[in-house]
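**Q** one predicted model, sequence on top.
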Amino acid sequence: MLGPRGVLAIAVGALVVVGGAAAALRTPGPASASSFLQDDDGRAIVANGFNTASSAKSARDGMPQFTEDDLDAEYADTGTDFVRFLISWRKVEPQPGEYDQDYLDDVAERVGWYADRGYHVMLDMHQDLWSGAITPDGGTGNGAPEWATHMDGLQVQDHDMWELYYLEPGVIRAFDNFWNTTGAHPELAEHYAKAWRAVAERFAGDPAVVAYDLMNEPYGGTLQGPAFEAGPLTSLYQLTADAIRDVDADTWVCVEPQALGFNWGLPTGLGPIDDARDGDPRIAFCPHLYPLPMDLGDGFSGSSRDLVEGTVSAWASNTLRAAEAMGGVPVILGEFGLDTTLPGALDYVDLVYRTADAAGMGVVYWSRDPGSWGPYEPDGTPRNLIGAVERPYPRAVSGPVSSWTVQDGRLVLHLDGDSGEGGDSGLVSEAYLPADRFPRGGVVDGGEVVEWDAGARVLAFTIDPGARTVTITPAG
Ligand SMILES: CN(C)c1ccc(C(=O)NC[C@H]2N[C@H](CO)[C@@H](O)[C@@H]2O)cc1
C-alpha cells in the first residue's frame, strides 16, 4: 500500500514527465553548458567527486569524520578531482559578528589535504531544516547558529521522516524570519553575507578553493516557488556575492535553486546574479537531483524506472535552461545519490553520470559518508558504488570543450569551435583513465600524448588545432 510519500512520488513523477514532454515541444533548450570553472591556467575544470561529509553536520568541531588516508583511498579507488566540502554558519559565526578563525584553520587543514593531491575544493555552507536549534536535542537540523534561529515559540513536533520537519510551524517560522518574510529580522541576511565574507577573506587566493556554494538546498518557508526564488533567494545571493567580491575577486560563486521541486525535476524561478568582479562573471549553477519516484520502493526498476528516467531528462533540460538564462554559467550537479542496495541502483548512477557528461556538467555524489549510500562500508570495505564512480573523464581541458561521452570503451571529448588556442599555446589537457579499462594508458586521435602517469592514471595530451573531437582509446 502506497504511503503519502509514494502517492506524492507518483503525482510529481507524472507531472514532471508530462511537463518535460510539453517542454520538449518548446524550442529545444541548450544541449550542454556554455562554460566551465577554470584553473589558474585557464583550463576547463571538470568536477568529479564526493560531498564530504554529512558527518560534519552534527560534529562539535564541525569537521567530517574523514582523514588524509581516507582521501588517499578515495583517489586510489575512484580517481576523483573535486570535493564539495561541508562547512556551517554555526561554526563560522558562533556569536553575532564573531568569526571563529580556529574553525577556519581546521577547514584550511582539510583544504590542504586536497590541494596536496591536485583536488579542487568547493566550500558548501550547508543547512538542512535551518539549524540544530529546531529541536532540543540538536540532532535533527543543522547549519544556522542558535542566535539566528527564531521560531517565536512555535512548535516543532517529532517525525520519523526528517523531511516532514519542514512542515512544522517552528521550522517554517525560522525560515520566514531569516528571509524576513515576517519583517522582524532584516539583520539576519546581512549576517549571513558577512559570514561568507569572513570565509572568502580566509580562502581568497587559495588555488585549491575554486568555488563557494552559498546555501545548501534553500527553503522558503511560507514563500515557495518563483515568489521565493526570484524574491528573497535571489536577493540573498546577490547580497552575499557582493560581500564575497569585497575580498575575493576570483573564486566562483555557486547558487542553488530551491530544493523543493527542482530536485524532483520541476523548473526554477531563480533570477540572474550580477558579478561585481572585473572580467568575465564567475557565477555557477549548482542544483541537486533526487527523483521522487525513486522512493516508491522499486528503486530504479519496474514502474518507477520510466518515471525516474523522465525526471532525469526533465531535470537536465531545466538545469541547462536555467544556466543559459543566468548568462551561460557553468553547471555542477552538487548532489545526487541513493541507497545503492536498491534494485537498479548502479544503472541509475550510470544514467546520471552519462547525462551529466553529455551536458558538460560536473558531478558531486552524495555522499562520502560510509554506509548504504556511500563508496565504503563503515569498516572501509569498498562498496558497489566504487565501480560506478570510477570512470574515464577529462579532468582539465585546454580548449573549447562542450561535453564528453564514454562509448565503446573510449573517452570522446566534444569541442565547440576552434581548439587552436589549446594546441598553439601548448597547454596540456588531462584525462583520468581507470586502470582496468586503460591498463597501459591511451592513444589520442585529435591530439598528441604528452605523458601517461601510470601511478595517478592521468593521461596528459595536447589537442590538435581545429579539432572538433578528441578520442582516447586504450593503448595496446
Ligand atoms: C521539503 N524539503 C524542503 C525538502 C525535502 C527533501 C529534500 C531532500 O531529500 N534533499 C536531498 C538530500 N540533500 C540533503 C543534504 O543536502 C540530504 O540530507 C538529502 O538526502 C530536501 C528538501
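**A** Alright, I've got the coordinates. Numbers count the residues shown, from 1 in each chain.
**Q** check what pLDDT whichever residue of the stretch 301-450 of the chain sits closest to the ligand gets.
**A** Using Cβ to the nearest ligand atom, the single residue of the stretch 301-450 of the chain nearest to the ligand is Glu335, 5.4 Å away. C-beta: built from backbone N, CA, C; applies to glycine. We note a pLDDT of 98 for Glu335 in this prediction.
**Q** tally up the residues packed near the nearest residue to Pro232 once chain neighbours are set aside, please.
**A** In space, and not counting its chain neighbours, Pro232 is closest to Trp179: 4.2 Å by Cβ to Cβ, 6 or more residues apart in numbering. Number of residues near Trp179 (other Cβ atoms under 10 Å) recorded here: 23.
**Q** beta partners of the residue of the stretch 301-450 of the chain closest to the ligand?
**A** His288 (DSSP bridges).
**Q** residues in contact with it?
**A** 51, 84, 288-290, 364-367 (Cβ atoms under 8 Å, 6 or more residues apart in numbering).
**Q** quick check: Thr80 touching Asp72?
**A** No. Judged on Cβ atoms under 8 Å, Thr80 makes no contact with Asp72 at a distance of 11.6 Å.
**Q** more neighbours, those two?
**A** Shown here are Thr80 and Asp72; by other Cβ under 10 Å, Thr80 has more neighbours (26 against 12).
**Q** Leu385 versus Arg457, what's the distance?
**A** For Arg457, the distance to Leu385 (Cβ to Cβ, to the nearest Å) stands at 19 Å.
**Q** between these two, who's got more neighbours?
**A** Legend: neighbour count by other Cβ under 10 Å for Arg457 and Leu385, higher for Leu385 (23 against 20).
**Q** check what pLDDT the more buried one gets.
**A** 98.
**Q** what do you get for the one 4 residues further on?
**A** Listed pLDDT for Val389 reads 98.
**Q** what of Ala467?
**A** Looking at Ala467, the pLDDT reads 94.
**Q** okay, now the domains of this structure?
**A** 6-391, 393-476 (automatic domain parsing).
**Q** of the ones you listed, which shows the lowest average pLDDT?
**A** Note on the domains of the chain: domain 393-476 shows the lowest mean pLDDT, a mean of 91.
**Q** ok, now which ones touch Ala454?
**A** Gly441.
**Q** so which residue is dead centre in the protein?
**A** Gly334 (1.1 Å; Cα atoms, centre = their mean).
**Q** would you mind measuring from the residue nearest to that one when sequence neighbours are not counted to Ala211?
**A** Leaving aside its chain neighbours, Gly334 sits nearest to Cys286 (4.1 Å; criterion: Cβ to Cβ, 6+ apart). In this view, Cys286 and Ala211 are 8 Å apart by Cβ to Cβ.
**Q** which parts of this structure are helices?
**A** According to DSSP state H, the chain carries its helices in the segments 4-25, 68-78, 89-92, 101-116, 169-178, 187-203, 226-228, 234-245, 259-262, 302-325, 345-358, 385-389, 420-425.
**Q** dump those into a markdown table; add distance to the ligand as well.
**A** Shown next, in a markdown table, are those (distance: least, Cβ to the nearest ligand atom, whole Å):
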| stretch | distance to the ligand |
| --- | --- |
| helix 4-25 | 10 |
| helix 68-78 | 19 |
| helix 89-92 | 14 |
| helix 101-116 | 18 |
| helix 169-178 | 9 |
| helix 187-203 | 17 |
| helix 226-228 | 11 |
| helix 234-245 | 16 |
| helix 259-262 | 4 |
| helix 302-325 | 13 |
| helix 345-358 | 14 |
| helix 385-389 | 15 |
| helix 420-425 | 36 |
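**Q** thanks a lot, see you next time.
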